[in-house]
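Asks: Give the three-dimensional model of this entry:
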Amino acid sequence: MLPTSTTHHLGLYREKSTLLPVEYFNKLPAQCSLTLGYILDPMIATAGTAIAAVNMLKDWGLKRIKFVAVVASREGLERLVEAHPDVDVYVARVDEELSEGGYIVPGLGDAGDRIYKTFHD
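Replies: Residues are numbered from 1 along each chain as shown. Okay, the predicted model is just below:
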């Protein structure tokens, strides 16, 4: 527990056909007054949304960032670390394979579909 922490929300999703990140929600205050921020994301697949989220926080003025994920693809993890070597990344599991569709194999499935029950055939 972090009883003195503040929470801000960014909403990004990966567009299914291009695999590019799309911002749909941003509740960051106008000015950054924080010295450290955590990005919590269930997974890092291609790292597109992870890199975009870090870029947004850096553009906002945050200097120190830690990224926490449950699972990552090796390729996505390497892309995130290459793009932002100054960001500490913590991942519980790294899976070796990334499918042509940009999914971690075996991974967890689509986190958004699991959370919002929006399964597709």
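
Asks: And the helix or strand containing E78, what's buried?
Replies: Counting by DSSP states H and E, the element that carries E78 is helix 74-83. Across helix 74-83, burial judged by 16 or more other Cβ atoms under 10 Å covers E75, G76, L77, R79, L80. (Glycine included, C-beta is placed from N, CA and C.)

Asks: In this structure, where is pLDDT below threshold?
Replies: Where the chain drops to pLDDT under 70, the residues are 107-121.

Asks: just the CA coordinates of the longest helix along it, formatted as PDB?
Replies: Longest helix of the chain, by residue count under DSSP state H: helix 48-60. Extracted C-alpha coordinates of helix 48-60, given in PDB (Å, rounded to 0.1, in the frame of the first residue of the first chain):
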ATOM      1  CA  GLY A  48       4.000   0.400 -28.600                       C
ATOM      2  CA  THR A  49       1.500   1.500 -25.900                       C
ATOM      3  CA  ALA A  50       4.200   1.100 -23.200                       C
ATOM      4  CA  ILE A  51       6.600   3.400 -25.100                       C
ATOM      5  CA  ALA A  52       3.800   5.800 -25.800                       C
ATOM      6  CA  ALA A  53       2.800   6.000 -22.100                       C
ATOM      7  CA  VAL A  54       6.400   6.600 -21.100                       C
ATOM      8  CA  ASN A  55       6.700   9.300 -23.800                       C
ATOM      9  CA  MET A  56       3.500  11.000 -22.500                       C
ATOM     10  CA  LEU A  57       4.700  11.100 -18.900                       C
ATOM     11  CA  LYS A  58       8.100  12.400 -19.900                       C
ATOM     12  CA  ASP A  59       6.500  15.100 -22.100                       C
ATOM     13  CA  TRP A  60       4.300  16.000 -19.000                       C
END
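
Asks: Need the contact partners of that helix.
Replies: With contact meaning Cβ atoms under 8 Å, 6 or more residues apart in numbering, helix 48-60 is reached by 10, 12-14, 19-21, 23, 26, 28, 32, 37, 39, 41, 44, 65, 67, 69, 76, 79-80, 83-84, 87.

Asks: Same check on stretch 74-92?
Replies: Stretch 74-92 is contacted by residues 44-47, 50-51, 54, 65-72, 94-96, 98, 104 when judged by Cβ under 8 Å, 6+ apart.
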